[in-house]
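**Q** here is a sequence with its predicted model. Questions after.
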Amino acid sequence: MGLMDVFKLCSLEMNMTAVTITFLVFFLVLLYWYSTSTYSRLEKMGIRHPPPLPFIGNLLYFRKGFWENHNKLINEYGPACGYYIGRRMFVVISEPDLINRILVEDFRNFTNRMFHL
């Protein structure tokens, strides 16, 4: 094995390492984008919400209880606020007039509701 063969082998290993690192960085960037891409939907609609974490959203916000923290959420972010559990968005409305408007007058505009068994 000559000196030139050793240099070719080192060059090949360094190129494979660079390709592997490039793919790893690309994968991590895509994973981060996937985990946070839906978290701008509430903001685009002008609904205030606590800052979510990647993948779990605001799940840690409700670790001490669900109903008590809903009241805390309403007091902190207003009568129309939202949160994320995982990548799913939830909107909380606590104003009776707005609830009536959504459920009666504008019902046809709110077709994307959760399905309950």
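**A** Alright, I've got the coordinates.

**Q** please, where are all the helices along the chain?
**A** Taking DSSP state H as the criterion, the chain contains helices spanning 3-36, 41-44, 67-77, 96-100.

**Q** can you add mean pLDDT and give those helices back as JSON lines?
**A** Formatted as JSON lines, the helices of the chain follow (pLDDT from 0 to 100):
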{"stretch": "helix 3-36", "mean pLDDT": "77"}
{"stretch": "helix 41-44", "mean pLDDT": "89"}
{"stretch": "helix 67-77", "mean pLDDT": "89"}
{"stretch": "helix 96-100", "mean pLDDT": "88"}
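
**Q** for residue 57, find the nearest of those helices.
**A** helix 3-36 (9.6 Å; C-beta to C-beta). Quick note: C-beta positions are derived from backbone N, CA and C, even for glycine.

**Q** wait, what's in contact with residue 65?
**A** Residues counted as contacts of residue 65 (C-beta atoms under 8 Å, 6 or more residues apart in numbering): none.

**Q** check the gap between the closest residue to residue 56 other than its chain neighbours and residue 52 for me.
**A** Spatial nearest neighbour of residue 56, chain neighbours left out: residue 86 (6.6 Å); criterion: C-beta to C-beta, 6 or more residues apart in numbering. According to C-beta to C-beta, to the nearest Å, residue 86 and residue 52 sit 9 Å apart.

**Q** more crowded one of the two?
**A** residue 52 (24 against 13; other C-beta atoms under 10 Å).

**Q** got the contact list for the more buried one?
**A** Residue 52 touches 36, 39, 58, 83, 84, counting by C-beta under 8 Å, 6+ apart.

**Q** so how many other residues sit close to the nearest residue to the third one once chain neighbours are set aside?
**A** Counting by C-beta to C-beta, 6+ apart, the nearest residue to residue 58 once its immediate chain neighbours are dropped is residue 83, at 4.2 Å. Residue 83 is surrounded by 23 other residues when neighbours are defined as other C-beta under 10 Å.
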